[in-house]
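A.B. asks: pasting the sequence and the predicted model now:
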Amino acid sequence: VGATMVSAPNDSYVVVRANAGPLTTGANAGHVEVTGANGAPTVRGLNAWTYSTVDAVTPAAGQFGTVVSIQGVALLANGSVPASVTLASYPAASIESYSAGLVVVRAGSAPLLQDSAAGEVVLHMNNGQTVTSTTQPWVQRVPGSVTSVQPAQGQAGTRVTVVGQNLLGYGTALASL
């Protein structure tokens, strides 16, 4: 991965900004090579830097409360904890767990009348770094709603009918009620 010079270098340190790198799994670890004005590599650090990538977002769509697994390489980007996560520009409701290879979040709410366009998944780290998924998008779905409950009162054994939209949360079965 190439880099762009950020500040004037000196003999003690060089500050650069990494250019776009690999988009999926693979050889994300690489050498750091500093090339002098004469064109020859002057310093080389073997496997000294790892490019962070998001390799999978599962599921790729959901509504408020959906548990989302974000898998990849070096997801913490040398930070110790994700400060926040956005899914298609909507903040995640919570960060359930995290490691360098897996971040699990719950999708936040979004006042939508239709599904969002597919958008980036962005992990914002506590050290100011961000890890962005451009090839593994998220679609925020219209939240489910209950329009009626009949009867509105009852006791043990009462048969109750719940009517609404997206009651299964875009799944295929009811997990609980």
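C.D. replies: It's in. Numbers count the residues shown, from 1 in each chain.
A.B. asks: and the next element down the chain from the worst-scoring helix or strand of the chain on mean pLDDT?
C.D. replies: Among the helical and strand segments of the chain, the one scoring lowest on mean pLDDT, DSSP states H and E is strand 41-50, with a mean of 66. Sequence order places strand 53-58 as the next helix or strand after strand 41-50, per DSSP states H and E.
A.B. asks: adjacent strands (with direction) for that next one?
C.D. replies: strand 67-73 (antiparallel) (DSSP bridges).
A.B. asks: and the partner strand, average pLDDT?
C.D. replies: Strand 67-73 shows a mean pLDDT of 94.
A.B. asks: how about stretch 162-170?
C.D. replies: For stretch 162-170, the per-residue pLDDT averages 88.
A.B. asks: stretch 115-135 too?
C.D. replies: 90.
A.B. asks: what do you get for stretch 15-33?
C.D. replies: 63.
A.B. asks: mind checking the SS state of Val105?
C.D. replies: strand (DSSP: H, G, I helix; E, B strand; the rest coil).
A.B. asks: which residue comes closest to it once chain neighbours are left out?
C.D. replies: Taking Cβ to Cβ, 6 or more residues apart in numbering as the measure, Val105 lies nearest to Ala92, with 3.9 Å between them; neighbours along the chain are not counted. (C-beta placed from N, C-alpha, C; glycine too.)
A.B. asks: quick check: the one you found vs Val68, distance?
C.D. replies: Counting by Cβ to Cβ, to the nearest Å, the gap from Ala92 to Val68 is 7 Å.
A.B. asks: which residues are common contacts for these two?
C.D. replies: Shared contacts of Ala92 and Val68 (Cβ atoms under 8 Å, 6 or more residues apart in numbering): Val105, Arg106, Ala107.
A.B. asks: now for the first one: which residues touch it?
C.D. replies: With contacts taken as Cβ under 8 Å, 6+ apart, Val105 has the following neighbours: Val67, Val68, Ile70, Val85, Leu87, Ala92, Ala93, Ser94, Ile95, Glu96.
A.B. asks: need the max-distance pair from these.
C.D. replies: The most widely separated members of these, counting by Cβ to Cβ, are Ile70 and Ala93 (14.4 Å).
A.B. asks: more neighbours: which of those two?
C.D. replies: Ile70 (26 against 16; other Cβ atoms under 10 Å).
A.B. asks: picking up where we left off before, most neighbours out of the contacts of Val105, which is it?
C.D. replies: Leu87 (29 neighbours).
A.B. asks: so how far is Thr53 from the nearest residue to that one once chain neighbours are set aside?
C.D. replies: Leaving out its chain neighbours, the residue that sits closest to Leu87 by Cβ to Cβ, 6+ apart is Trp138, at 4.2 Å. Remark: distance between Trp138 and Thr53 (Cβ to Cβ) = 16 Å.
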